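In: Here's a sequence, model it:
(one chain, ligands or ions: 2)
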Amino acid sequence: MKRYDFMHLSAYPVLWQQSMSVCIGVFDGLHSGHQAIIKRCVDLAKKQDLQSMVITFDKNPKMLMKTQPYHSKLASDAQIDELLENIGVDHLVVIDFSADFSKLTAEEFLTLVCAFCQVKVMVVGEDFRCGAPASSAGPVQLQEYLARLSPGALVEIPPFVLTTNGEITSSSLVRKKLLEGALEEVQSMLGRPYELDLVAYPSKFIEEGLLYRTASFMQLLPPSGVYDALLLLSDGSVVEVHARLGEDELLIVPDKAMWDWVAVRTKRLSFQAKRSIS
Ligand SMILES: Cc1cc2nc3c(=O)[nH]c(=O)nc-3n(C[C@H](O)[C@H](O)[C@H](O)COP(=O)(O)O)c2cc1C
Ligand SMILES: Nc1ncnc2c1ncn2[C@@H]1O[C@H](COP(=O)(O)OP(=O)(O)OP(=O)(O)O)[C@@H](O)[C@H]1O
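Out: Ligands and ions are numbered 1, 2, ... in the order given. As a prediction, this is how the structure comes out:
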């Protein structure tokens with residue numbers, strides 16, 4: 001999978017004549033609803049001999065424009081890259097979202113997208129919106145604009161993916177459930193356990209285990225408590241641990257013998273379940 005900056009797409013003439021199946025979205029956490037949209041985009045690309053492109057945002061527009069309260073992300077860029085790569089996405093385009101960019105109308109934005117490649121299919125969800133809220137386009141307007149900008153291109157709208165309780169799976173619901181400590185529901189909506197990317201953060205070894213300060217963590221954390229977890233190391237090995245999450249600290253304690261701390265290179269912490277007794 002190749003990664004591009006939206007503002008520099010004109011530097012890739014190889015894309016201009018490339019027929020493309022495209023999906024656009026914030027995709028925070030890449031939950032099962034997002035996965036359904038992106039898989040459909042990739043499947044259609046394979047069936048129609050196109051390439052697949054995911055267009056996403058470096059910052060959540062709703063949070064930057066304060067149309068939603070600020071929350072940390074549900075996944076790091078590296079986790080999203082890995083998941084998209086596994087789904088089989090060919091091209092990942094990231095928009096450096098800013099107040100200036102937000103002023104583009106949906107039509108202006110789509111004109112740019114259709115100039116950078118030959119859009120044949122666009123896959124979006126039923127509640128997709130594109131462009132500033134006052135003049136934003138949903139799937140119906142999207143089809144109207146595409147008919148003009150890329151004649152013959154089709155908008156595909158897969159049905160909503162629901163939770164086991166019949167609610168629409170969304171990043172907002174994942175955040176709410178994570179903040180409540182409902183890890184099972186989070187796992188069910190993500191289709192995988194909730195994982196914290198530890199690569200960018202310094203830690204120190206103390207007597208009981210490995211200690212992190214959580215203030216600089218980019219990802220949303222579950223509530224304070226003790227969790228059964230798996231620690232994924234950069235050599236691919238997995239260690240059973242428990243994670244003691246406090247107000248501003250995370251202590252990772254191995255369940256069995258203490259590991260050789262000099263050799264340990266942590267990658268991710270995969271939350272499994274909350275322990276009832278700390
Ligand atoms: C050109 C453009 C301008 C946008 N302007 C705003 C904005 O002013 N305020 C806002 O909250 N979101 C804005 N957005 C974000 C969209 O409302 C929407 O969140 C985004 O297109 C992703 O779709 P999704 O929310 O369905 O994932 C803009 C998006 C685009 C592509
Ligand atoms: N449960 C779902 N089933 C199918 N498509 C979905 C689902 N949730 C989101 N989508 C689609 O995925 C794309 C990206 O959506 P977005 O990132 O805004 O997701 P969201 O989970 O609704 O986020 P938020 O809760 O922050 O509004 C959009 O086209 C949206 O319609």
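In: Point out the other helices and strands that the lowest-mean-pLDDT helix or strand in the chain packs with.
Out: Scoring the helices and strands of the chain by mean pLDDT, DSSP states H and E places helix 61-64 at the bottom, with a mean of 81. Applying 3 or more CB pairs under 8 Å, 6 or more residues apart in numbering; DSSP states H and E, one finds that helix 61-64 contacts no other helix or strand. Every C-beta, even on glycine, is put in place using the N, C-alpha and C of the backbone.
In: Walk me through the domains of the protein.
Out: Domain ranges of the chain: 2-156, 195-274, per automatic domain parsing.
In: Mean neighbour count, the ones you listed: which tops it?
Out: Neighbour counts (mean count of other CB atoms under 10 Å) averaged over each of the domains of the chain peak at domain 2-156, with a mean of 18.
In: Assign Leu173 to helix, strand or coil.
Out: When classified by DSSP: H, G, I helix; E, B strand; the rest coil, Leu173 comes out as helix.
In: That one contacts Glu167, doesn't it?
Out: Yes: Leu173 is within contact range of Glu167, at 6.3 Å (criterion: CB atoms under 8 Å).
In: I figured Ile55 hits Leu84, correct?
Out: No: using CB under 8 Å, Ile55 is not in contact with Leu84; the gap is 11.7 Å.
In: which one is the closest residue to ligand 2 within the stretch 101-250 of the chain nearest to, not counting chain neighbours?
Out: Sorted by distance to ligand 2 under CB to the nearest ligand atom, the residues of the stretch 101-250 of the chain start with Gly125, at 2.0 Å. Counting by CB to CB, 6 or more residues apart in numbering, Gly125 lies nearest to Ile37, which is 5.7 Å off, once chain neighbours are set aside.
In: mind checking pLDDT for the one you found?
Out: On pLDDT, Ile37 comes in at 98.
In: in which helix or strand would I find it?
Out: helix 32-47 (DSSP states H and E).
In: try Val239
Out: Using DSSP H and E, Val239 falls within strand 238-245.
In: right, and the domains of the chain - which one's nearest ligand 1?
Out: domain 2-156 (3.4 Å).
In: what's the straight distance from one end of that closest one to the other?
Out: Start to finish, the residues bounding domain 2-156 are 24 Å apart (CA to CA, to the nearest Å).
In: same question, stretch 237-254
Out: This stretch, stretch 237-254, spans 13 Å end to end (CA to CA).
In: I'd like to know the average pLDDT value across that stretch.
Out: Average pLDDT, stretch 237-254: 95.
In: which residues sit against it?
Out: By CB atoms under 8 Å, 6 or more residues apart in numbering, the residues outside stretch 237-254 that reach it are 206, 208-215, 221-233, 255-256, 259, 266, 269, 271, 275, 278.
In: same deal with stretch 75-94?
Out: Contacts of stretch 75-94 (CB under 8 Å, 6+ apart): 1-6, 9, 15, 20, 27-30, 35, 38-39, 41-42, 45-46, 51-58, 195, 197, 199-200, 218-219, 268.
In: Mind doing that once more with 6 Å?
Out: 1-4, 6, 29-30, 38-39, 42, 51-56, 58, 197 (CB atoms under 6 Å, 6 or more residues apart in numbering).
In: Out of those residues, list just those in helices.
Out: When the contacts of stretch 75-94 are checked against helices (DSSP state H), the matches are 38-39, 42.
In: how close does the residue of the chain positioned farthest from its centre sit to Gly131?
Out: Distance from the centre of the chain peaks at Glu207, with 35.3 Å (CA atoms, centre = their mean). The gap separating Glu207 from Gly131 is 55 Å, by CB to CB, to the nearest Å.
In: Next, format the ones in helices among the contacts of stretch 75-94 as CSV and append distance to ligand 1.
Out: Output for these, formatted as CSV (distance: CB to the nearest ligand atom, whole Å):
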residue, distance to ligand 1
Ile38, 12
Lys39, 16
Val42, 17
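In: nearest residue to Ala106 other than its sequence neighbours?
Out: Spatial nearest neighbour of Ala106, excluding adjacent residues (CB to CB, 6+ apart): Gly131 at 3.2 Å.
In: how close does the one you found sit to Phe217?
Out: Gly131 is 32 Å from Phe217, where distance means CB to CB.
In: do the same with Ser32
Out: Separation of Ser32 from Phe217 (CB to CB) stands at 24 Å.
In: So, low pLDDT: which residues of the stretch 51-200 of the chain?
Out: Low-confidence segments of the stretch 51-200 of the chain, defined by pLDDT under 70: 66, 70.
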